[in-house]
Every structure is written in C-alpha cells, then in structure tokens.
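**Q** build the 3D model from these lines:
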Amino acid sequence: MTKLQPFHLAFPVDDLVVARKFYTEVLGCSTGRSSDHWIDFNLYGHQVVAHLAPEEAGKSNTNDVDGDNVPVRHFGIILEWGEWEKLSARLTEKGIQFIIEPHIRFKGEVGEQATMFFLDPSGNALEFKSFKDMEQVFAH
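**A** Model prediction:
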C-alpha cells in the first residue's frame, strides 16, 4: 500500500468566525494561516481551508446509499475504529444534530463500515467513517 499523503480541500463557509469555532472547538482542528477571507485547518493531518463564500455554502443534492440520503458533496476522514467511536460520542455529547446517525453501513457485506454525517454551521456535509478491516476501504 502506498504511503498516504495529506490532502488539501477548500470549501465555502458563510461566516469565518463561526467556522473557526466549530472546526477548532467541536472537531479539534488546529489552525494555520488565515486572512479575512479564509482559514487553514489541520483536520487529522490534512489541510482543509474554509473560504468565505456565503453564496456557495451548504448546497448539495443527495443520493441513496444503503438506505440513507447521502449528501453528494461531502468530505471527512476515515478514522481507526476506536477513534471513530470516541468522535461519535464527543459529537453526541456536544449536541451535534446528525443528518445520518452513527451506524454500521453494508453490515455483513464487502465494505462494511461505521459512518456518520453531520453539517458544519455553513451547511457543509461531513462524513466520518471507519472500517474494522482497512483492506475493505476500496474492496468491491
């Protein structure tokens, strides 16, 4: 398996102050460079950048995936199983409203995974998932 490299993702938000609070206090991200128009966040070693663009924030259609209406436009991290469970518990304690509650998808099938979806304050969908067997990430 190839060594994973950090990815970079830019996404729109409608309020940088609120985005900073959510990504640092709820998700535990540290921050990097920033300006009046964007903020770099360290999301589990990946560079995600919130750009102030209120007219683009929160727009996404959905597709059916294993009985769930999954937002087409979303991002997140594949965590180790224990880390996923800790994050799920922390988000629940913080009162995050899930758009797809934490659960096991594709139970007993190839690609079985734990997953949860929620929105950031700008309406961007985030998915955090886990596989007990990381070899299943790209299995088909």
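
**Q** quick one: the closest residue to residue 74 other than its chain neighbours from residue 140, how far?
**A** Of all residues not flanking residue 74 in the chain, residue 125 sits nearest, at 3.8 Å (Cβ to Cβ, 6 or more residues apart in numbering). Placement of C-beta: from N, CA and C, glycine included. Note on residue 125: its distance to residue 140, by Cβ to Cβ, to the nearest Å, is 24 Å.

**Q** these two: who's more crowded?
**A** The residue with more neighbours, out of residue 125 and residue 140, is residue 125; 21 against 5, by other Cβ atoms under 10 Å.

**Q** need the phi and psi values for the more buried one.
**A** Main-chain dihedrals, residue 125, degrees, to the nearest 10: phi -80, psi 130.

**Q** hang on, isn't residue 60 packed against residue 72?
**A** Yes. In terms of Cβ atoms under 8 Å, residue 60 counts as a neighbour of residue 72; the distance is 5.5 Å.

**Q** so for those two, which sits in the more crowded spot?
**A** Applying other Cβ under 10 Å to residue 60 and residue 72 shows that residue 60 carries more neighbours, namely 13 against 10.
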